[in-house]
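Q: Have a look; sequence and predicted model below, questions after that.
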Amino acid sequence: MITHDEEIGVVYYPAKGAVSTTTPRHAQVMEQVWQDYLEDRLSQEDRAAFEGYVERSFADKPDLPMMKYTNLLETRTLGRLEILVANKCNLNCRYCYAHGGDYDCESQVLTPESAKKYLRALFSERYISVDVVMLFGGEPTIAPDTIRTICEFFEQYSSLGLIEKMPIFTMVTNGTLIDEELAQTIQKYNIRVTVSVDGPPEINDKLRVDKAGNGTFAKIERVIRLLQKVKNPPKALEVTYTSLHQELEYSSKDIRQYLQKYFGVNGKDVLIEECSYNGYDDSLVCKYSNNQRRDEGQCKLQSIQLRRALSRHSFCDLSCGAGNYLIVLFPNGEIYPCHHFVGCSEFLIARFDGKSFDFNNYLIARKKLAPSHKLLNSACNDCWLKAICRVCAASILLSNNSNNLGKGTCEDMRLYYKTQFLALAKEKQQSEEDIQT
């Protein structure tokens with residue numbers, strides 16, 4: 001990857017994880033020769049000369065070794081267990097990718113009794129540890145007794161030494177149903193809660209509505225204030241930024257500042273994601289794809305991700321951990337790679353048979369997941385961004401998410417990361433100049 005602006009040029013060699021800086025003019029010339037090379041416009045002699053030049057100048061490191069990872073049958077430790085407490089919801093958000101919370105499946109709620117049976121089967125027979133337990137939905141707070149039972153299970157197993165440690169508990173909620181009792185459970189087990197809210201009432205109450213079409217801002221505010229009262233405030237406020245925000249002339253910065261001031265939270269704890277194609281109300285997808293207008297907070301997050309990726313000493317071709325160290329447990333005892341795959345029978349990993357989980361289908365499902373591995377997917381394998389990009393596996397594999405991974409989206413991401421490379425190079429250059437000074 002070669003990029004430049006009027007101040008600096010950058011060359012990135014993905015196979016080696018190497019980044020070099022150069023002059024804008026040098027990068028511009030290299031970029032043109034590289035294009036001629038790709039389009040076979042160079043003579044054989046010039047091709048050999050260019051290859052030798054690149055190898056000497058920018059590739060004096062060994063290739064990154066492939067990162068090793070284990071599958072669910074080989075490991076005794078889970079990275080993340082998503083528990084879909086309910087695939088039903090009390091709201092009817094206009095952009096919901098789960099289509100009202102049920103994922104186009106029969107609505108079900110995980111009972112406390114079933115939760116204990118499933119968890120016993122997983123952590124008595126197969127796993128001895130899990131890093132993160134994520135309570136998810138639908139809307140998980142529909143079943144507060146189940147949430148408490150799940151936390152108590154891990155507390156008991158940890159105290160008895162049946163698992164190596166207590167997991168970190170997280171929960172994503174619409175923030176309308178939490179009462180005093182559930183707030184105490186959240187406080188006791190230090191559940192890291194993310195509350196969804198889309199901005200001031202004039203926006204939120206048009207997007208995040210209940211089944212009768214009523215706005216929800218007042219209920220969300222009550223819950224946020226309650227969590228703050230019990231000294232376990234939300235770890236994040238999650239915003240879905242839509243075309244409605246644009247129409248009402250609210251920038252993502254405006255929304256962040258409003259929520260930061262109104263609820264007294266840190267700006268970095270306001271997470272803003274643009275609305276994606278969902279098959280529910282795609283008119284809410286933002287009307288531009290201009291990288292310069294990306295959310296500032298999201299830019300900072302992706303800058304951190306870029307730094308981390310460049311500091312790795314190995315290459316992982318997994319787009320995400322779905323089906324490898326991450327699984328989701330459905331209320332009926334089915335296990336899938338993550339919540340995006342729920343209800344897709346070809347990706348079913350395991351099923352509870354009344355006593356234990358039958359993982360006989362896992363290797364079949366794993367083969368179905370194979371195209372989400374970047375080296376097995378031609379579009380990803382040929383892309384210079386493959387060592388950095390964290391594209392969702394479901395976006396690659398599921399036809400109903402095909403709009404999320406297309407030529408436009410990938411090209412936008414490549415253009416965006418070029419700006420990140422330039423920014424990072426300038427920052428490093430400035431730091432070196434400051435040290436010399």
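A: Looks like it arrived, so ask away.

Q: do you know how far the spatially closest residue to V109 that is not a sequence neighbour is from T173?
A: Among residues not flanking V109 along the chain, A86 sits closest, at 4.5 Å (C-beta to C-beta, 6 or more residues apart in numbering). For the C-beta atoms, the positions are set from N, CA and C on the backbone; glycine is no exception. A86 is 11 Å from T173, where distance means C-beta to C-beta, to the nearest Å.

Q: okay, these two: which has more neighbours?
A: Between A86 and T173, T173 has the larger neighbour count (other C-beta atoms under 10 Å), namely 27 against 23.

Q: which residue sits closest to M66, ignoring its sequence neighbours?
A: Leaving aside its chain neighbours, M66 sits nearest to F315 (5.8 Å; criterion: C-beta to C-beta, 6+ apart).

Q: what do you get for Q108?
A: P331 (4.0 Å).

Q: which stretch of helix or strand covers that neighbour?
A: Assigned by DSSP states H and E, P331 belongs to no helix or strand.

Q: wouldn't it be in contact with A86 here?
A: Yes: contact criterion C-beta atoms under 8 Å: P331 and A86 qualify, at 6.7 Å.

Q: so what sits against both of those two?
A: Counting by C-beta atoms under 8 Å, 6 or more residues apart in numbering, the shared contacts of P331 and A86 are Q108, V109, L110.

Q: Is it possible to get TSV of those that adds pLDDT, neighbour count and secondary structure?
A: Shown next, in TSV, are those (pLDDT from 0 to 100; neighbours: other C-beta atoms under 10 Å; DSSP: H, G, I helix; E, B strand; the rest coil):
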residue	pLDDT	neighbour count	secondary structure
Q108	95	17	coil
V109	97	17	strand
L110	98	28	coil
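
Q: From those, pick the one nearest E180.
A: Within the shared contacts of P331 and A86, proximity to E180 (C-beta to C-beta) peaks at V109, which comes in at 21.5 Å.

Q: how about D131, phi and psi?
A: Note on D131: backbone dihedrals following degrees, to the nearest 10 are phi -70, psi -50.

Q: How about the one 5 residues further on?
A: Note on F136: backbone dihedrals following degrees, to the nearest 10 are phi -140, psi 170.

Q: for I327, same thing?
A: Phi and psi for I327, reported as degrees, to the nearest 10, are phi -140, psi 160.

Q: ok, now N71?
A: Dihedral angles of N71 (phi, psi; degrees, to the nearest 10) stand at phi -100, psi 180.

Q: My guess is the residue nearest to V109 contacts C105. True?
A: No: A86 is not in contact with C105 according to C-beta under 8 Å; the separation is 11.4 Å.

Q: can you list residues touching both of A86 and T173?
A: Shared contacts of A86 and T173, defined by C-beta under 8 Å, 6+ apart, are found at G137, E139, P140.

Q: Most neighbours among those, which one is it?
A: Within those, neighbour counts (other C-beta under 10 Å) peak at G137, which reaches 28 neighbours.

Q: is it true that it touches V85?
A: Yes: G137 is within contact range of V85, at 5.8 Å (criterion: C-beta under 8 Å).

Q: Report the secondary structure state of L271.
A: strand (DSSP: H, G, I helix; E, B strand; the rest coil).

Q: Which positions in stretch 191-210 come out as buried?
A: The neighbour-count check on stretch 191-210 (16 or more other C-beta atoms under 10 Å) flags 191-200, 203-210 as buried.

Q: do the same with stretch 109-121
A: V109, L110, P112, S114, A115, K116, K117, Y118, L119, A121.

Q: Extract the CA atoms of that stretch and return them as PDB.
A: Output of stretch 109-121 as PDB, limited to C-alpha atoms (Å, rounded to 0.1, in the frame of the first residue of the first chain):
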ATOM      1  CA  VAL A 109     -37.100 -16.400  26.900                       C
ATOM      2  CA  LEU A 110     -34.300 -18.300  28.700                       C
ATOM      3  CA  THR A 111     -35.700 -19.500  32.100                       C
ATOM      4  CA  PRO A 112     -33.500 -19.600  35.200                       C
ATOM      5  CA  GLU A 113     -33.800 -23.400  35.300                       C
ATOM      6  CA  SER A 114     -32.700 -23.800  31.700                       C
ATOM      7  CA  ALA A 115     -29.800 -21.400  32.200                       C
ATOM      8  CA  LYS A 116     -28.500 -23.500  35.100                       C
ATOM      9  CA  LYS A 117     -28.800 -26.700  33.000                       C
ATOM     10  CA  TYR A 118     -27.000 -25.300  30.000                       C
ATOM     11  CA  LEU A 119     -24.200 -23.700  32.100                       C
ATOM     12  CA  ARG A 120     -23.700 -26.900  34.100                       C
ATOM     13  CA  ALA A 121     -23.300 -28.900  30.900                       C
END
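
Q: Please enumerate residues in contact with the helix or strand hosting I203?
A: Assigned by DSSP H and E, I203 belongs to helix 201-207. Contacts with helix 201-207, where a contact means C-beta under 8 Å, 6+ apart, come from 93-95, 197-198, 214-218, 220, 240, 242, 244-245, 248, 250, 255, 284.

Q: Over to stretch 360-372?
A: Residues outside stretch 360-372 that contact it (C-beta under 8 Å, 6+ apart): 71-73, 318-320, 322-323, 337, 346-351, 376-377, 393, 396-397.

Q: filter these to the buried ones?
A: Buried members of those, counted by 16+ other C-beta under 10 Å: 72, 318-320, 322-323, 337, 347-350, 377, 393, 396-397.

Q: Which ones among the residues you listed map onto strands?
A: The members of the buried ones among the contacts of stretch 360-372 that map onto strands under DSSP state E are A350.

Q: Of the buried ones among the contacts of stretch 360-372, which one scores lowest on pLDDT?
A: Scanning these for pLDDT, the low point is S319. It has 77.

Q: okay but that residue is in contact with I388, surely?
A: No: using C-beta under 8 Å, S319 is not in contact with I388; the gap is 11.4 Å.

Q: can you give me the strands in the chain?
A: 2-4, 9-13, 18-22, 77-86, 129-137, 168-173, 192-196, 236-241, 270-274, 326-329, 334-336, 350-352, 357-358.

Q: So what touches the fifth one?
A: Spelled out, it's strand 129-137. Taking contacts as C-beta under 8 Å, 6+ apart, the residues outside strand 129-137 that touch it are 76-89, 98, 101, 123, 147, 150, 154, 163-165, 167-173, 191, 328, 339.

Q: still on that earlier bit, narrow the contacts of stretch 360-372 to those in helices?
A: A393, I396, L397 (DSSP state H).

Q: tell me the pLDDT at the closest residue to the second one other than its chain neighbours?
A: Nearest residue to I396, sequence neighbours excluded (C-beta to C-beta, 6+ apart): S372, at 4.8 Å. pLDDT recorded at S372 is 86.

Q: What's the local residue count around S372?
A: Using other C-beta under 10 Å, S372 has 23 other residues around it.
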